[in-house]
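Asker: the sequence and its predicted three-dimensional model are supplied below.
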Amino acid sequence: MLARIPLAVNLALRFTFFCFAVVAVAASAGCASVAAYQRERLADPTMNPSHGQSDALAHVRAVQEGALGGELGAASGCGCN
Amino acid sequence: MPRKSLLRSLGLLLMLTPGVSRGEGDGVSTGLTTELKSEVAAYSDTDAVSVFTPSVGANVRDVGSGWSAGGNYLIDIVSAASVDIVSTASGRWTEVRHAGGLHAGYKPYELGASLSGSVSREPDYLSLTGGLRIDWDLAKKTLTPAFAYAFTHDTAGRSGTPFSVYSLELDRHTFGTDVAFILDRETALNIGADVILEVGHQEKPYRYVPLFAPDVLQSVGPGASVAAVNQLRLPARISERMPTTRQRYAASVRLAQRLADSTLVVKERLYTDSWGLKASTTDLRMVFDLSPRWELWPELRAHFQSGVSFWRLAYVGNQASDGSFGVPALRTGDRELSPLVAGTAGAGLEWKLGGASDPTAFAVTLLAHVMATRYSEALFVEQRIGGFTALQAEAKF
């Protein structure tokens, strides 16, 4: 069990560093200024990552493909309101 | 339960659920929204595997105070007589998987957090997951980074044998991040990455690997039949053996653009891991508004992957002169770890049945997909064709 910890800590530290890098890059990326009243199209349900998704289909794919992860979070990204 | 009865029951459930979020008197919403979703899905393929999956889910949100909570539950009824089962001289089996999850979140202002937990249970498998996610709205919500961590503990055993007698354990730590960018009034971009650390056993207790003498190796080709393999293989069959640690890395980008009466979504995932597997997965979807109440979307998915470094079409067993038997230190029969190409073509059709003020308050969606997978270096199967259909019903109150 102890032998597992250093690798996990190492990865966690690298990930934390990566997160800070992501925020720093993102903050300096200069997104367009879009006011709330201009977000009608962005708020359309079809823009949401969860639109038309199926847990059963996701499970079938997870079983049949060797890759894992990279599922962008459904909680963010619509940019609405 | 027969499919028709199940659909009827789910429909009744949706209709009878009280509108708890209705405001008093003037009909103005209090900000509390309840969402219910049910799905009945079926999958079948040319490898004699079929899966029937009914599921239900519910979510409650209070936009004013920023909290939300929900849960979901599904049952997988799997029936299989695949070539992997036939090759071990076993018959068709049927298994039921129960999976459920709960989540709760709180996001009063720009910063929010959510907790989730899930359980998946089969007669010979138990998976427990807990996770935390933090979202942070920046630059007037044009930029939303999110950070997530999840821990999963899997226990695999043999049906009928208690885990205390025999089990294989696997721990998975998932560190994920994604950033949502608003590029303009109609375009959103998501960029994300996951680092996954797995420690433990990933071997399947029932799976055995055939071994071949060096002099017959040339006779074993991709897609070799069960009869041919049984004729050529050595008498001994050995269990799988894989490395006990695996680091996986996935990076994704998703671009979504809403036009006047259609939405384009493109997604790409690049993946690599410490076992040597590299993969690319591309999704393309175009949603068309046929009318205010009907949406239709065709979608395509292409997946390419290399095999893991220790994958072999046929593993060699060596019988030494002293009678000892030499076997490869790492070996697997899991063809999802082999080089493969997979393509999916599908479509979705949504019918919005809600009132004139909000047609999306009740919607029915039909999904249909055809999947083809080509294995270039695997025994028994060179190609698999599968079909997936799902009927979903969603209601908002």
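Answerer: Yep, it's here.

Asker: what helix or strand does the nearest residue to residue B:349 once chain neighbours are set aside sit in?
Answerer: The shortest distance from residue B:349 to any non-neighbouring residue, by CB to CB, 6 or more residues apart in numbering or on different chains, is to residue B:366 (4.8 Å). Just so you know, the C-beta spots here come from the backbone N, C-alpha and C atoms, and that holds for glycine as well. Using DSSP states H and E, residue B:366 falls within strand B:362-375.

Asker: for the helix or strand following that strand, which positions count as buried?
Answerer: Sequence-wise, the next helix or strand downstream of strand B:362-375 (DSSP H and E) is strand B:383-396. For strand B:383-396, a neighbour-count test (16 or more other CB atoms under 10 Å in any protein chain shown) marks B:384, B:386, B:388-396 as buried.

Asker: where does residue A:61 fall, phi/psi-wise?
Answerer: phi -70, psi -40 (degrees, to the nearest 10).

Asker: cool, and the one 3 residues further on?
Answerer: In terms of degrees, to the nearest 10, the main-chain angles of residue A:64 are phi -90, psi -10.

Asker: any weak-confidence spans in chain A?
Answerer: Scanning chain A with the threshold set as pLDDT under 70 gives A:1-32, A:72-81.

Asker: repeat the analysis, applying 50 as the threshold.
Answerer: A:1-3, A:74-81 (pLDDT under 50).

Asker: what strands flank the strand holding residue B:366, and is each parallel or antiparallel?
Answerer: strand B:340-352 (antiparallel), strand B:383-396 (antiparallel) (DSSP bridges).

Asker: list the buried residues of that strand.
Answerer: B:362-363, B:365, B:367, B:369, B:371, B:373, B:375.

Asker: restricting to C-alpha, output that strand in CSV.
Answerer: Listed next in CSV are the C-alpha coordinates belonging to strand B:362-375 (Å, rounded to 0.1, in the frame of the first residue of the first chain):
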residue,chain,number,x,y,z
PHE,B,362,-41.8,17.2,-21.8
ALA,B,363,-39.8,15.5,-24.6
VAL,B,364,-39.4,12.1,-26.1
THR,B,365,-36.1,11.1,-27.8
LEU,B,366,-35.3,8.1,-30.0
LEU,B,367,-31.6,7.1,-30.5
ALA,B,368,-30.4,4.6,-33.0
HIS,B,369,-26.7,3.7,-33.7
VAL,B,370,-24.9,1.1,-35.7
MET,B,371,-21.3,0.2,-34.6
ALA,B,372,-18.7,-1.7,-36.5
THR,B,373,-15.4,-2.8,-35.0
ARG,B,374,-12.5,-4.3,-37.0
TYR,B,375,-9.8,-6.2,-35.1
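
Asker: and that strand, how far out from the chain's middle?
Answerer: 13 Å (CA atoms, centre = their mean, to the nearest Å).

Asker: then stretch B:233-251?
Answerer: 21 Å.

Asker: do that stretch and chain A meet at all?
Answerer: Yes - Stretch B:233-251 lies within reach of chain A by CB under 8 Å from any CB of the partner chain, at B:245, B:247-251.

Asker: what mean pLDDT does that stretch get?
Answerer: For stretch B:233-251, mean pLDDT rounds to 92.

Asker: what of stretch B:36-44?
Answerer: Mean predicted lDDT for stretch B:36-44 stands at 97.

Asker: let me know whether it sits next to chain A.
Answerer: Yes - legend: contact between stretch B:36-44 and chain A by CB under 8 Å from any CB is shown at B:39, B:41, B:43.

Asker: just give the nearest non-adjacent residue to the last one, would you?
Answerer: Same thing as residue B:43. Residue B:43 sits nearest to residue B:51 (CB to CB, 6+ apart), 4.4 Å away.

Asker: what sits against that neighbour?
Answerer: Counting by CB atoms under 8 Å, 6 or more residues apart in numbering or on different chains, residue B:51 makes contact with A:56, A:60, B:41-44, B:76-79.

Asker: I'd like to know which of the residues you listed are buried.
Answerer: A:56, A:60, B:41-44, B:76, B:78.

Asker: ok, of the contacts of residue B:51, which one's closest to residue B:271?
Answerer: residue A:60 (17.7 Å; CB to CB).

Asker: re the thing from before, distance of the residue nearest to residue B:349 relative to residue B:32?
Answerer: 30 Å (CB to CB, to the nearest Å).

Asker: tell me, how many residues neighbour residue 49?
Answerer: Since no chain was named, I'll use chain A. Per other CB atoms under 10 Å in any protein chain shown, the neighbour tally for residue A:49 reads 22.

Asker: correction: the question concerned chain B.
Answerer: So residue B:49, with other CB under 10 Å, has 19 neighbours.

Asker: so what's it up against?
Answerer: B:43, B:78-80, B:82.

Asker: and which of those residues is nearest residue B:68?
Answerer: Using CB to CB, the contacts of residue B:49 come closest to residue B:68 at residue B:43, 30.4 Å.

Asker: so that closest one is in which element?
Answerer: Using DSSP H and E, residue B:43 falls in strand B:32-45.

Asker: same question for residue B:227.
Answerer: In the assignment (DSSP H and E), residue B:227 maps to helix B:226-232.

Asker: residues making contact with that helix?
Answerer: Counting by CB under 8 Å, 6+ apart, B:83, B:86-87, B:210, B:212, B:216, B:219-220, B:224, B:379-380 sit against helix B:226-232.

Asker: how far away from the center of its chain is it?
Answerer: With CA atoms, centre = their mean, you get 33 Å for helix B:226-232.

Asker: ok, residues contacting the helix or strand following that helix?
Answerer: Downstream of helix B:226-232, the next assigned helix or strand under DSSP H and E is strand B:237-239. Residues outside strand B:237-239 that contact it (CB under 8 Å, 6+ apart) are B:203, B:205, B:207-211, B:317, B:327, B:331.

Asker: elements contacting the helix or strand just after strand B:237-239?
Answerer: Counting by DSSP H and E, the next helix or strand C-terminal to strand B:237-239 is strand B:245-258. Applying 3 or more CB pairs under 8 Å, 6 or more residues apart in numbering or on different chains; DSSP states H and E, we find strand B:245-258 packed against helix A:4-27, strand B:187-200, strand B:262-273.
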